[in-house]
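A.B. asks: need the 3D shape of this:
(chains A and B)
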Amino acid sequence: MERKIRILLAKPGLDGHDRGLNIVARSFRDAGMEVVYLGLHQTPEAIVRAAIEEDVDVIALSVLSGAHTTLFKKILGLLKRDGAKHILVTGGGIISKRDQKELAEMGVSRIFGPGTPVRESVEYIRSWFIKKNEENRKKR
Amino acid sequence: MSRKKTQEKPSLKEVHSLSGISLKPFYDSNDLRSWNPARDLSEPGKFPFTRGLYPEGYLKKPWTMRQFAGFGTAKETNQRFHFLLESGQTGLSTAFDLPTLMGYDSDHERSEGEVGKCGVAIDSLEDVEELYSGIRLDQISTSMTINGPAAIMFAFYVACAEKQGCRIRDLHGTLQNDILKEYIAQRTWIFPPGPSLRIIVDLIKFTTKHMPDFNPVSVSGYHIREAGATAIQELAFTLMDGFTYVEECRKAGLEVDDFASRISFFFNAHLDFLEEIAKYRAARRIWARHMKHVYKAKNPRSWWLRFHAQTAGVSLTEQQPENNIIRTAIEALSAVFGGCQSLHTNSLDETIALPSKLAAHIALRTQQVIANETGVTNVVDPLGGSYYLEWLTNKMEEEAEIYFKKIRDLGGVVSAIEAGFYQKEISDAAERYQREVEEKKRIVVGVNQFQMEKEIFKPPILEITHETELTQIRKLKALRKRRNHRKAVQTLSVLGKAARGKANLIPYLIDCAKAYVTLGEIADCLRSEFGEYIPPSIV
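C.D. replies: Predicted coordinates:
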């Protein structure tokens, strides 16, 4: 059997709105993923350190404070610095379409806005994971 | 139910209120058997105030229209304040950015990217002076939504008013200053419960003595509801927090009638119209009964539950944002039927960004239409006596009492927070709601039904650029250079000394404010005395 998907969930920055993240955490667990839940008020450094130590496949961030551009950028930069670019970075929150485009250009994968059914994000991560594994197999 | 067979699809199951209360198709006198109108309903302006605090309702004066506003720098927010006041708003309400709410200056490393983003950036008295420039603080009631560093912001506000030439006795407004619900739901804290409660009591003592028209605490259910709680949980948890503040003040040696009338409340106005009205009515009745019978308050003013309401941000959708105008209008109407003292109506772009000027304009006009065109202010508590509404009001009170007992059995609010009780209650409710929406047991227009491929309305978006942060940091650095350094250091060290003792900290904070000590510097000084709050880890 293939190993479970390991996903780190965190709220970077100072934002305290954790309703969404809590729901997503439960749903990912129910979907059979291994969730590393860092929770509130995390610095980019702490997130990247934990992601590498815990060997996660995915980092999912929730930002409702408007600070998303700065925070995602920092996290992507740290991942690159530490040779962990293979980790998928995704997230959700109050992020305008324009900013979503900017994040995508930076290398953030999909952003899930308000009203997204949780199963949509579960399916997205699962299919990304399957595709990645197939590609890795081909490479070998 | 018999309807099950006749209906094809979707099959009509049992009906529940938004908060999960099981409902019958109709209500009649049989549902009010134990209800005694003389005891439980009474008249508007009479104990237990189910029908409202004032016999004249809104006939003399409508509620205060108080739109929560704040973004970017103090200068930008000041312009928005003037725009709202020119549009007929009758009170001010200030939204601060996250660094301010967490007690960090704009140039702190943790503030990076957050400055001016979800509220206005305030670092010192200088910013507050600019924030309220052209607005006499003794002429308008001013609300400040801040908790962890509430006492620091209060000191800035008082110092600013004095510089304007106001007497502090003439100031009226509200400081949110409700740390318990921060631990429970909103999560912007600095200090642990012990010192936090001490500062709150200091504020209550100070305002009771010097500022008789100022509300030093606004016990808030709003954020508890937004985090996922039901109407019953919002009601029960909020009132229980209120009781806790009363008990803390009594422990500190205050007489209940000296301060109780200064405690105010803040509730959410959600979409289940009648359930919300029942919630406000029950809140007034429960508070009045407890203040009179449990806490033995003698002054009728101590029995009053005065409240601000804000429509539910969480009920708004990113999809078809124009529909949010309708949701907000209905929610606002529930707060008016519920007898609110002041009201904020959300902007239609709440799920996308901070309110644009257009969206803020529509939101304020919504209240003005309700107040001036619909006639709902002509009669006090017009729905009073409805079988369903009275039954639901009773139900809310009963359920809240059950929660009070549960929380007391856990050792009170602080112990319940430490035990993770609230966290679990609220996230269970949030998850239940999300599941219902995903299973289409609850319809959200534009989200899980009546969707559109292409949006027909694209609201303008308020952009807050990185330039804001740079401007704010430049201003802060210039202030640190310009101010009297010796005086700043000296007031700060006196504050530290006071924090180690038992003195009321407010006058010391005002001295720091006047010496242009920054919010972050004051918070750091208190952090080193009081420590920082670490939430219990609950998975």
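
A.B. asks: next up, the contacts around residue 26.
C.D. replies: In the absence of a named chain, this looks at chain A. For A:R26, the contacting residues are B:S427, B:E431, by C-beta atoms under 8 Å, 6 or more residues apart in numbering or on different chains. Every residue, glycine included, has its C-beta placed from N, CA and C.

A.B. asks: could you do chain B instead?
C.D. replies: B:F26 neighbours (C-beta under 8 Å, 6+ apart): B:Y387, B:Y388.

A.B. asks: what about it, which SS state?
C.D. replies: With DSSP: H, G, I helix; E, B strand; the rest coil as the basis, the three-state label of B:F26 is coil.

A.B. asks: same deal with the one 4 residues further on?
C.D. replies: Three-state assignment for B:N30 (three-state DSSP): helix.

A.B. asks: just for chain A, where's the confidence low?
C.D. replies: For chain A, the stretches flagged by pLDDT under 70 are A:1-2.

A.B. asks: near chain B, which residues of it? Just list them.
C.D. replies: With C-beta under 8 Å from any C-beta of the partner chain as the criterion, chain A meets chain B at residues A:13-19, A:22-23, A:26, A:37, A:39-41, A:43, A:64-67, A:69-71, A:94, A:96, A:98, A:113-115, A:117-119.

A.B. asks: distance-wise, check B:Y280 relative to chain A.
C.D. replies: 23 Å (C-beta to the nearest C-beta, to the nearest Å).

A.B. asks: enumerate every residue touching the nearest residue to that residue once chain neighbours are set aside.
C.D. replies: In space, and not counting its chain neighbours, B:Y280 is closest to B:G338: 3.0 Å by C-beta to C-beta, 6 or more residues apart in numbering or on different chains. By C-beta under 8 Å, 6+ apart, the contact list for B:G338 reads B:A269, B:E276, B:I277, B:K279, B:Y280, B:R281, B:A309.

A.B. asks: hmm, back to that, okay, and which of the residues of chain A next to chain B map to helices?
C.D. replies: Counted as lying in helices by DSSP state H, out of these, are A:R19, A:N22, A:I23, A:R26, A:T69, A:T70, A:L71, A:R98, A:V118, A:R119.

A.B. asks: the fifth one and B:E114 touch, don't they?
C.D. replies: No: A:T69 lies out of contact with B:E114 (C-beta atoms under 8 Å); the separation is 11.1 Å.

A.B. asks: have a look at those two and say which one is more surrounded.
C.D. replies: Neighbour totals were compared for A:T69 and B:E114, and B:E114 leads with 29 against 18 (other C-beta atoms under 10 Å in any protein chain shown).

A.B. asks: which ones are touching the more buried one?
C.D. replies: Contacts for B:E114 (C-beta under 8 Å, 6+ apart) come out as A:G13, A:L14, A:S65, A:G66, A:A67, A:T70, B:D97, B:L98, B:P99.

A.B. asks: what about the nearest residue to the first one once chain neighbours are set aside, how many neighbours?
C.D. replies: Same thing as A:G13. In this structure, A:G13 finds its nearest non-sequential neighbour in A:A67, 4.7 Å apart by C-beta to C-beta, 6+ apart. For A:A67, the count of nearby residues is 25 (other C-beta under 10 Å).

A.B. asks: next: A:I23.
C.D. replies: Neighbour count for A:I23, taken as other C-beta under 10 Å: 18.

A.B. asks: show me the contacts for it.
C.D. replies: Residues counted as contacts of A:I23 (C-beta under 8 Å, 6+ apart) are A:V118, B:S427, B:A430, B:E431, B:Q434.

A.B. asks: separation between the nearest residue to the last one once chain neighbours are set aside and B:L41?
C.D. replies: If the residues on either side of it in the chain are set aside, B:Q434 comes closest to A:I23, at 5.1 Å by C-beta to C-beta, 6+ apart. Computed as C-beta to C-beta, to the nearest Å, the A:I23 to B:L41 distance reads 39 Å.

A.B. asks: of the contacts of B:G338, just the buried ones, ChimeraX syntax please.
C.D. replies: In ChimeraX syntax, the buried subset of the contacts of B:G338 is picked out as below (16 or more other C-beta atoms under 10 Å in any protein chain shown):
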select /B:269,276,277,279,280,281,309
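
A.B. asks: B:A159: which of the contacts of B:G338 is nearest?
C.D. replies: Set against B:A159, the nearest of these by C-beta to C-beta is B:A309 (30.3 Å).
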